[in-house]
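*Asks:* predicted model and sequence below, questions to follow.
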Amino acid sequence: MNKDQISHDDLVDELNNGIIKFFFQKLGGKLRIAHGTTNPANIPSEHQPKGTGTARNVIPFFDVNLQEWRSVSKESVVWGA
């Protein structure tokens, strides 16, 4: 893969700024491609976050293609597109 690995902090920043395409290796080893965001302007009203809770070991994001919330483990390797 010729993509650049990005830190989890950079992923959080980019998700907050808009919709990004990124790749990550799931804990089971499979590679997943996602188009995600955490920016409320890019999330349909029916899927807006309802709470302020944060998970310690995952990075939640809204997958704009699947129209569902997903997450990336902080143990996963992440690449930018």
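*Replies:* Cool, the structure landed.

*Asks:* ranges for the strands of this structure?
*Replies:* 20-25, 31-37, 58-63, 68-73, 78-80 (DSSP state E).

*Asks:* and these as a markdown table, adding mean pLDDT and distance to Gln5?
*Replies:* Any C-beta I mention is one placed from the backbone N, CA and C, and that applies to glycine too. Listed next are the strands of the chain as a markdown table, based on pLDDT from 0 to 100; distance: least, CB to CB, whole Å:
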| stretch | mean pLDDT | distance to Gln5 |
| --- | --- | --- |
| strand 20-25 | 94 | 10 |
| strand 31-37 | 96 | 13 |
| strand 58-63 | 95 | 15 |
| strand 68-73 | 94 | 13 |
| strand 78-80 | 93 | 5 |
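
*Asks:* and Ile43, which of the ones you listed is closest to it?
*Replies:* strand 58-63 (4.8 Å; CB to CB).

*Asks:* if the closest residue to Ile43 other than its chain neighbours is in a bridge, with which residues?
*Replies:* Among residues not flanking Ile43 along the chain, Phe62 sits closest, at 4.8 Å (CB to CB, 6 or more residues apart in numbering). Beta-bridge pairing for Phe62 (DSSP bridges): Thr37, Trp69.

*Asks:* residues near Phe62, how many?
*Replies:* 24 (other CB atoms under 10 Å).

*Asks:* next one: Ser45
*Replies:* 6.

*Asks:* just the endpoints, please. Distance across stretch 67-80?
*Replies:* Terminal residues of stretch 67-80 lie 20 Å apart, using CA to CA, to the nearest Å.

*Asks:* ok, residues contacting that stretch?
*Replies:* With contacts defined as CB atoms under 8 Å, 6 or more residues apart in numbering, stretch 67-80 is touched by 1, 3-8, 10-11, 14, 20-27, 34, 36, 44, 47, 55, 57-63.

*Asks:* show me how to select, in PyMOL, the buried members of those residues.
*Replies:* In PyMOL, this line selects whichever of the contacts of stretch 67-80 come out buried by 16 or more other CB atoms under 10 Å:
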select buried, resi 6+8+11+14+20+22+23+24+25+34+36+59+60+61+62+63
